[in-house]
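1. need the 3D shape of this:
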Amino acid sequence: MGQSHWIEFIALNVGNEPAGRIDFQPRGYLSARATFTLTLTKESARSGKVTLTAHERCNLHGYWEGSLDIAVA
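-> The predicted structure is shown next:
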(Lines give C-alpha, C1' and ligand atoms only; values in the text may rest on other atoms or scores of the structure.)
Protein backbone atom coordinates (compact mmCIF):
# COMPACT_ATOMS: atom_id res chain seq x y z
CA MET A 1 0.00 0.00 0.00
CA GLY A 2 1.25 3.47 -0.81
CA GLN A 3 0.13 7.01 -1.50
CA SER A 4 -1.69 6.10 -4.73
CA HIS A 5 -2.37 2.37 -4.25
CA TRP A 6 -4.15 0.87 -1.24
CA ILE A 7 -6.62 -1.71 0.00
CA GLU A 8 -9.88 0.01 0.89
CA PHE A 9 -11.35 -2.85 2.96
CA ILE A 10 -11.26 -6.56 3.72
CA ALA A 11 -14.54 -8.27 4.64
CA LEU A 12 -15.42 -11.83 5.66
CA ASN A 13 -18.65 -13.78 5.18
CA VAL A 14 -19.61 -17.12 6.69
CA GLY A 15 -21.90 -18.59 4.07
CA ASN A 16 -24.09 -15.66 3.07
CA GLU A 17 -23.82 -13.91 6.44
CA PRO A 18 -21.38 -11.03 7.08
CA ALA A 19 -18.89 -11.89 9.83
CA GLY A 20 -16.69 -8.80 9.89
CA ARG A 21 -15.10 -5.98 7.96
CA ILE A 22 -12.00 -3.86 8.37
CA ASP A 23 -11.62 -0.54 6.54
CA PHE A 24 -8.16 0.84 5.79
CA GLN A 25 -6.96 4.42 5.33
CA PRO A 26 -4.50 5.31 2.54
CA ARG A 27 -1.67 6.47 4.82
CA GLY A 28 1.95 5.84 3.92
CA TYR A 29 3.31 2.38 3.23
CA LEU A 30 1.36 -0.15 5.26
CA SER A 31 0.73 -3.87 4.91
CA ALA A 32 -3.01 -4.60 4.71
CA ARG A 33 -3.72 -7.46 7.10
CA ALA A 34 -6.88 -8.48 8.88
CA THR A 35 -7.58 -11.08 11.56
CA PHE A 36 -11.09 -12.36 12.21
CA THR A 37 -11.91 -14.65 15.15
CA LEU A 38 -15.02 -16.79 14.69
CA THR A 39 -16.89 -19.22 16.89
CA LEU A 40 -18.99 -21.61 14.83
CA THR A 41 -21.46 -24.10 16.27
CA LYS A 42 -22.58 -27.40 14.80
CA GLU A 43 -26.03 -25.87 14.38
CA SER A 44 -24.56 -23.21 12.08
CA ALA A 45 -23.14 -25.93 9.83
CA ARG A 46 -25.77 -28.62 9.45
CA SER A 47 -23.80 -30.27 6.64
CA GLY A 48 -20.64 -30.32 8.78
CA LYS A 49 -18.92 -27.57 6.82
CA VAL A 50 -19.21 -23.86 6.06
CA THR A 51 -17.78 -21.65 3.36
CA LEU A 52 -15.70 -18.64 4.37
CA THR A 53 -15.52 -15.92 1.72
CA ALA A 54 -13.10 -13.00 1.92
CA HIS A 55 -13.76 -9.84 -0.08
CA GLU A 56 -11.21 -7.13 -0.76
CA ARG A 57 -11.37 -3.84 -2.62
CA CYS A 58 -8.27 -2.21 -4.07
CA ASN A 59 -8.50 1.37 -5.33
CA LEU A 60 -6.55 0.47 -8.52
CA HIS A 61 -7.34 -3.19 -9.21
CA GLY A 62 -10.94 -3.36 -8.07
CA TYR A 63 -12.80 -6.12 -6.27
CA TRP A 64 -11.19 -9.46 -5.29
CA GLU A 65 -12.80 -12.50 -3.70
CA GLY A 66 -11.61 -15.86 -2.39
CA SER A 67 -13.37 -18.68 -0.58
CA LEU A 68 -12.51 -21.71 1.54
CA ASP A 69 -14.68 -24.58 2.78
CA ILE A 70 -13.91 -25.58 6.38
CA ALA A 71 -15.16 -28.48 8.51
CA VAL A 72 -17.07 -27.74 11.71
CA ALA A 73 -16.72 -30.50 14.28
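
2. alpha carbons only for contacts and neighbour counts from here, please
-> Noted.

3. where does this protein dip in pLDDT?
-> Counting by pLDDT under 70, the chain contains low-confidence ranges at 1-3, 27-29.

4. the strands in it, which residues?
-> With DSSP state E, the ranges of strands along the chain come out as 7-14, 17-23, 49-58, 62-71.

5. which of these sits most buried?
-> Ranked by average neighbour count under the criterion mean count of other Cα atoms under 10 Å, these are headed by strand 7-14 at a mean of 20.

6. one step back: identify whichever of the strands of the chain lies nearest to Leu30.
-> Minimum separation from Leu30 across the strands of the chain (Cα to Cα) falls at strand 7-14, 9.7 Å.

7. that older thread, nearest to Lys42 among the strands of the chain would be which one?
-> Ranking the strands of the chain by distance to Lys42, with Cα to Cα as the measure, places strand 49-58 first at 8.8 Å.

8. which residues are in contact with that closest one?
-> When contacts are defined by Cα atoms under 8 Å, 6 or more residues apart in numbering, strand 49-58 is touched by residues 5-15, 63-72.

9. by how many degrees do that strand and strand 17-23 diverge?
-> Using axes from the mean of the first three to the mean of the last three Cα atoms, to 10 degrees, one finds that strand 49-58 and strand 17-23 are set 30 degrees apart in direction.

10. let me know the angle separating strand 49-58 from strand 62-71.
-> Between the axis of strand 49-58 and that of strand 62-71 there is an angle of 160 degrees, by the same axes, to 10 degrees.
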